[in-house]
Structure formats: structure tokens, C-alpha cells
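[1] Give me a model of this one.
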Amino acid sequence: MLPELGQVLLALALLVALLQGTLPLAGAQRGNAAWMAVARPAAYAQLLLVGGAFAILTWAFVSQDFSVRYVAINSNSLLPLVYRYTAVWGSHEGSLLLWTLVLACWNAAVALCSRQLPTPVVARVLGVMGIVAIGFLAFLIFTSNPFIRLLPAAAEGRDLNPLLQDPGMVIHPPMQYVGWAGFSVPFAFAIAALLDGRIDARWLRWTRPWTNVAWAFLTVGIALGSWWAYSELGWGGWWFWDPVENSAFMPWLAGAALIHSQAVTEKRGSFAGWTLLLAIATFSLSLMGTFLVRSGVLTSVHAFAADPARGLFILVFLSLIIGGSLLLYALRAGRLAPGAGFQPASRETLLLLNNLLLASACAMILLGTLYPLLADALGLGKISVGPPYFGLLFFVLMAPLVALVPFGPLTRWQRDQPSRVVAMLLPWLGVAAGIGVAAYFTAPQGPWKTAFGVAGAAWIALGTLRFVWSRLRNSGRMTAEMWGMTLAHLGIGVFLAGALLVEAQNVQREVALKPGQSLQVGRHTFVFKGVDQQQGPNYLSDRGHVQVLRDGRELVLLHPEKRAYASGGQVMTEAAIRPGVTGDVYVALGESLGDGAWAVRVHIKPFVRWIWAGAALMALGGLVTATDRRFRRLPEDKST
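    Numbering: from 1, shown residues only. This is a model prediction of the structure:
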């Protein structure tokens, strides 16, 4: 009876969402306090109901209830316990239920933490979030019900996709969903502001930490997805501009622009209309990511469903949410009061350039992702847009942003003397340039990428630390917001160094080796010891043994694998990696070539871990910024 109870809970959650999405908005419009008071209890009830349904589905996996179709398709009796939990979101229906649960958590968190805000504002915000929840719950119930029964029950399940039987998939989807769904909060505040016809300085300040937290979680989710692809797929890459990767990266870029734009609007009153538009765009891109992953229009290792009915439902839902929001913006944005003016030499100008570059990069990725789909739909033929397009244009757009990063914190609001900031940073620019020149002449390969990576990272790090030193010298303290900004900017530098150095210095060899044969790659020697078979919990593994020596001394014994899964017979590559601060040694086992010989793929990946270390610093910066006590002290009521 538990699956039936799960369906009942989702139906009740939809009814509660209907109440939350209608009564509070109508109450705010009419001044009806009783209707507005429905918002908070409805948000809490929705979390309890969706959480109960999620717990029931989780128990169905843990207890191996193969009478539930979704469980029978995505699990079997040999699946290890930890992957029974992650199998809950291992396919379309469960991942959508997780999305809905995360959205309900944000919903309840806003209800709980918004008691300082005016009741009409809270009613509008929670009402908008209720409307979003209606769409997801209706999608779950009518097209993606995870509780459908099998009659008779299956004797055995098919198994979870072997690609998803990886530690990275335990936390990657939840982190990414927390980020995507979290952008519903600034989106709801933007719609509330447009409905009210003004931006209240009190709740504008209140919404900033929510944006930072959502962006931080999305950063972690994207980084974990990159790490999963690097360690699980066996090709040694960390980013391929896959359409589904892009669907997560676009709201990340828009969210980064939103964070900076919100700071200008809250502190100076400028960019008000642009901030609202960015809030709408960021959440719209998050919803579009859901559409791309689940509609079947993409072919990707990350994509789930291929059901036209589901795709049509999401397309209609997206059209209503995005189209309705943009229409409301077009009708109401002109009523917002203009913000304070500023001079060309000011922090506002630099943040405006920041926003334009980030928005342009986002638009470029959106065009490259959707153009092949549109061309195919219009009968213009199959068109592929790949890394050469994305890589070149992204570099062109981000290079100016990297150059401007150190100037922003040191430049004053409204008006400044350019010569003052240049004098502060010029010596450090010289140091960064000198480091870049040295890197160019000492790089064993890829000198230009090496030089740009090292010089850019040094420039950002030195310029950011110059701000910290200047701030501590002048005022003796840094706020949490400033520390968060510092960490995020340093993270950009660390990421930049890792991304460009691994692209420039990566060495790859693919050879056929018999037991006892070796391969020399730079300072490293790889000795192939052979392959044996081992039985895993739900697979049979051909387990290789590769001894790695550096400068003649043993470094590590690696064990790359080829796993044949018992259910379905899928064969997966499990790379063996020796991680290091200055680089990874990466070995993957290819196909058996007969007579004891195997294809072996070897990579030397310098500084690849700096990519994820930089992402971790950026995420930490977003979380630290959200803790600033100033966000919990609401200013006087000043509207824009």
C-alpha cells in the first residue's frame, strides 16, 4: 500500500500548491490578511507531503519492491545498498521527484526565514513559488508518476545504469538541483517586485544571500559533474561542452551576473530593472536545463528521458512561466524609479562590464546549444557545434573579465580617479606579466596557454590580495561579504591556472602492451603487469595492474578495470588515478587484443585538481558572503 500512499501524498501536495499559488497572491492584491496567511502553512505542508512521497520511493528501492515499475527498471537484487539510495534519482521520474522536493525545501525555508518582511511581500513571493511547484507536481503526477505498479511484480530488476554507479552520483544531482531550484527565490522576489511596481530596499537586501547560496550549490554541482565525467567515463577530459553540461553552466553564468547586479542595486539603487531581468533569466535557464535533460531532444550521457509527451508538457510549462514573466517585465519594468547616476570611472561601470561579458558568454552558449536543435527541427540538416566554437568565443569573452577582476574591489562607488587604482595595481601587473613570460620560456609544450594561465592566475591572486591588504591597512577589518568576494575571486584564479595548464601540458598515449612491457612518458614509466579477473557485487571485472615509476622510483601500482555488469551485460571502463597537487597520473584499460595484450590509455594531467579546487573556493566564497550580518539587518524602507 505504500506506493499508493505516495501517489496520494503527491496529489495532496498538488492541492496545497494550488492554494499557495492562488490565495496569497489574491490576498496581497485585495489586502485580505486571511488569504495571505495561507502562504506559510501551505509551504510547510507541501514540504511534508513531498518529503513523505520521496521517503516512500526511497524505501521501495531499499526494500527492493519490484512491484513498483520505476524500481524494477532502475535496481536489482545485486545492487549495493548505497546505490539503492542514489537509484532513487537515477532516472527521469525519481530525479524529477528530487527536484520537486528540493523546491519544496526552498519554499519552506523562505516561509521560515521571512518573518521580518512585510506580509504582502511574503505572500507574493510564496505565491509565485507555489505556481512553480504546481507545474512540477502536475508533471510528476500526470506524465512521470514514479509509483506506478507492475502487475504481476517483476521477479528481478533490470539494474541501475552502470554509469551512475559511482560515488560522484551520490551527491552531484542533489547539489545541482539545490542550485537550480534555489534560483526560484530571486525569481519569486523579482515577480513580486514587478507585481508591486517597486523594489523595496529591505527585501532586496534580504534576497541577496539566497542568491549566493543557490549559486554556491550550483557551483558544487557542476564541479562534481565534471569530476564524475573525468573519473568515470575513461576519456580523461573534465569538460566537453556537452549540451547538458551547458544547460547547467548557463544559469551559473547568469547567476554570477545576478550576484554582482544585486550588489549594485542594493547599495546604489542602480540597475534595478536589469537585476529583475537577470533574476527571471537565471531561473528560466534553470528550467530550460530541466527541459533539455528530460525532453528527449538531446543525446547525452547526462540526459534522461525520450518521451515527446513529457517534452511537450515541459515546453508548455516553460512557455507559461518564462513568457508570462517576460510579459509582466515588459509591462511593469518601466514603472521602476531610476537609480543613482555614476561616472564612467566607477565601480558601477566595472560591474556593468562584468554583467555584459557574463551575459554575452551565456548568450553565446545558449546559441551554440540550441542552434543545432533548431536547424534540425527546421529541416536545415544535422549541424554540430562543438568545443572549437565554445572554447574560442568563451576565451575571447572571459579574457577581458579576467583583466578587470582586480580593479572592481579597489574602485570606489559612483566616481573614482583611474590613475589611483592603476597606480595601486601596476606593480602587481608587472609581477604577473613577468611570471607569465617565465612560464612561456620554461613550458615543455603549449607555451601560450601556459603563459596565459599562469599570468592570469597570478594577476587575479595578486590584485585580490592587494585589495585585502589595502582594506586591512585602512580600516583594520573585512566583512564576511568582502571575505566571500576574496575567496571567490581567488577561486577564479586557481581555476584558470588549472584549466589552461592541463590543456597546455596534458600528455596522452594509447598503446598495446603485453605483460612485462613498459611505456615511457616524460619522467614516468608505466610497466604493464597483466590482467586478472575479480568478482564485484554486481559485475565481473577485468582488473589491470600497472606499475608507475617516476625517475626510476616506484610511485604507485594502479588498477584500471573493465567491468561487465551482470544485469544487461554492459561493459564500463573504470580509470585508475593517482591524484596529486601538481598533477594526476591517469590510466584506463581498453580492449583485449589477444595473446595477453591489452590496449592501455595513459594520461599525465598537470594541475587538473586545481580546476575543482578553484570551484570549491568559489562556492565557499558564495556561502561566506551569505553569512554577512548586514543581510540580517534590514535597512529603512527605501524603494526603487
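[2] can I assume residue 511 is in contact with residue 597?
    No: between residue 511 and residue 597 there is no contact under C-beta atoms under 8 Å: 9.8 Å. (Glycine included, C-beta is placed from N, CA and C.)
[3] how about the strand or helix carrying residue 265: buried residues?
    Taking DSSP states H and E as the criterion, residue 265 maps to helix 243-268. For helix 243-268, burial by neighbour count (16 or more other C-beta atoms under 10 Å) applies to 243-266, 268.
[4] and what of stretch 407-416?
    407, 408, 409, 410, 411, 416.
[5] Straight-line length of that stretch, end to end?
    Chord length of stretch 407-416, first to last residue, is 11 Å (C-alpha to C-alpha, to the nearest Å).
[6] can you check stretch 111-128 too?
    12 Å.
[7] That one - what's its average pLDDT?
    Averaging pLDDT along stretch 111-128 gives 92.
[8] now that stretch: how far from the chain's centre is it?
    How far stretch 111-128 lies from its chain's middle: 27 Å, per C-alpha atoms, centre = their mean, to the nearest Å.
[9] Stretch 67-75 now?
    28 Å.
[10] same thing with stretch 186-204?
    25 Å.
[11] Spatially nearest residue to residue 552 (excluding sequence neighbours)?
    In space, and not counting its chain neighbours, residue 552 is closest to residue 525: 7.5 Å by C-beta to C-beta, 6 or more residues apart in numbering.
[12] tell me the contacts of the one you found?
    518, 519, 548, 549, 550, 552 (C-beta atoms under 8 Å, 6 or more residues apart in numbering).
[13] Does it belong to a helix, a strand or coil?
    With DSSP: H, G, I helix; E, B strand; the rest coil as the basis, residue 525 sits in strand.
[14] Same question for residue 154.
    Under three-state DSSP, residue 154 comes out as coil.
[15] ok, now which ones touch it?
    Contacts of residue 154 by C-beta under 8 Å, 6+ apart are 66, 67, 72.
[16] do that again at 6 Å, thanks
    66, 72 (C-beta atoms under 6 Å, 6 or more residues apart in numbering).
[17] Over to residue 619?
    Counting by C-beta under 6 Å, 6+ apart, residue 619 has contacts 216, 219, 220.
[18] Quick check, the last one in contact with residue 174.
    Read that as residue 220. No: at 9.8 Å, residue 220 does not count as touching residue 174 under the criterion of C-beta atoms under 6 Å.
[19] helix, strand or coil for residue 554?
    strand.
[20] how about it, what does it touch?
    Contacts of residue 554 (C-beta under 6 Å, 6+ apart): none.
[21] again, only this time at 8 Å
    547, 548.
[22] Please report the distance of it from residue 548.
    7 Å (C-beta to C-beta, to the nearest Å).
[23] Likewise for residue 317?
    51 Å.
[24] for the contacts of residue 525, which one is nearest residue 90?
    Checking the contacts of residue 525 against residue 90 by C-beta to C-beta gives residue 548 as the nearest, at 33.7 Å.
[25] per-residue confidence averaged over whichever strand or helix holds the closest one?
    Residue 548 is part of strand 539-550 when elements are defined by DSSP H and E. Mean per-residue pLDDT for strand 539-550: 94.
[26] what comes into contact with it?
    Against strand 539-550 from outside (C-beta under 8 Å, 6+ apart): 162, 523-535, 554-566, 572, 574, 576, 578, 585, 587, 589, 592, 598, 600.
[27] Quick check: ChimeraX command selecting the buried ones in these.
    A single ChimeraX command is used to select the members of the contacts of strand 539-550 judged buried by 16+ other C-beta under 10 Å:
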select :162,524,525,526,527,528,529,531,555,556,558,559,560,561,562,563,564,565,572,574,576,578,585,587,589,598,600
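[28] quick one: the helices in the stretch 51-200 of the chain?
    69-74, 81-86, 92-113, 119-143, 168-182, 184-196 (DSSP state H, counting those that start in this stretch).
[29] any chance of the ones you listed in JSON lines, plus distance to residue 612 and mean neighbour count?
    Output for these, formatted as JSON lines (distance: least, C-beta to C-beta, whole Å; neighbours: other C-beta atoms under 10 Å):
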{"stretch": "helix 69-74", "distance to residue 612": "28", "mean neighbour count": "24"}
{"stretch": "helix 81-86", "distance to residue 612": "20", "mean neighbour count": "17"}
{"stretch": "helix 92-113", "distance to residue 612": "23", "mean neighbour count": "23"}
{"stretch": "helix 119-143", "distance to residue 612": "30", "mean neighbour count": "23"}
{"stretch": "helix 168-182", "distance to residue 612": "11", "mean neighbour count": "23"}
{"stretch": "helix 184-196", "distance to residue 612": "26", "mean neighbour count": "25"}
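[30] okay if I get these as CSV plus distance to residue 456?
    Putting the helices of the stretch 51-200 of the chain into CSV (distance: least, C-beta to C-beta, whole Å) gives the following:
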stretch, distance to residue 456
helix 69-74, 44
helix 81-86, 37
helix 92-113, 35
helix 119-143, 39
helix 168-182, 26
helix 184-196, 30
